[in-house]
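>>> quick one, fold the following:
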Amino acid sequence: MKTYRKELWFQVPTRRAFINITPEVVQALRESGIQEGLCLVNAMHITASVFINDDESGLHHDYEHWLEELAPHAPIDQYRHNRTGEDNADAHLKRQIMGREVVVAVTNGRLDFGTWEQIFYGEFDGRRRKRVLVKIIGE
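Just a heads-up that it's a prediction; the model follows:
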């Protein structure tokens, strides 16, 4: 069995964003040389997410609206976490909803996606450098 590890780095200039990282993950899979196995992609920060869905702008707008309704950023004093001097409690909650990681099967050297599936990095407290881990195992 072989393993391959790569870090992807992001510094989103806005508080929130959804970024399609499928091309970067496909490149990591090519670099690994692995033909059959599993590919783990996970956010290495507690206010960011990795998830799989469709790359459709209306859906991303709906996510933004839905998440803001579930965990609004303001007023920031509504969250106990923000009493520590932070203003990102909502980002922690949004990350919890959207998830930390995804695992995709690797078949014949390709990510074994369903129709329309893509991998996204979700940023909920941007403006600083954060990383995503890609770990591929297999043969």
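>>> thought residue 13 was touching residue 128, still the case?
No: the pair residue 128 / residue 13 is not scored as a contact, 10.2 Å apart, by CB atoms under 8 Å. (Each C-beta comes from the backbone N, C-alpha and C, glycine too.)
>>> more crowded one of the two?
Higher neighbour count among residue 128 and residue 13: residue 128, with 11 against 8, using other CB atoms under 10 Å.
>>> got the contact list for the spatially most central residue of the chain?
Compute the mean C-alpha point of the chain, and by CA atoms, centre = their mean the closest residue is residue 50, 1.9 Å away. Contacts for residue 50 (CB atoms under 8 Å, 6 or more residues apart in numbering) come out as 21, 41-43, 99-102, 119-122, 132.
>>> any idea how far residue 84 is from residue 31?
Counting by CB to CB, to the nearest Å, the gap from residue 31 to residue 84 is 40 Å.
>>> swap that for residue 109, sorry
46 Å.
>>> more neighbours, those two?
Ranked by neighbour count (other CB under 10 Å), residue 109 and residue 84 place residue 109 first, with 14 against 9.
>>> does that one touch residue 35 like I think?
Yes: at 4.5 Å, residue 109 counts as touching residue 35 under the criterion of CB under 8 Å.
>>> in the chain, what spans have low per-residue confidence?
Within the chain, no range satisfies pLDDT under 70.
>>> roughly how far out does stretch 92-108 sit from the chain middle?
Centroid separation for stretch 92-108 versus its chain: 6 Å, with CA atoms, centre = their mean, to the nearest Å.
>>> can you give me the buried ones in the lengthiest helix in the chain?
Under DSSP state H, the helix in the chain containing the largest number of residues is helix 57-70. Judged by neighbour count using 16 or more other CB atoms under 10 Å, the buried positions of helix 57-70 are 60, 63, 67.
>>> so which elements touch that helix?
Identification of packing neighbours for helix 57-70 by 3 or more CB pairs under 8 Å, 6 or more residues apart in numbering; DSSP states H and E yields strand 17-20, helix 89-98.
>>> report the angle between it and helix 89-98.
Angle, helix 57-70 to helix 89-98, by axes from the mean of the first three to the mean of the last three CA atoms, to 10 degrees: 120 degrees.
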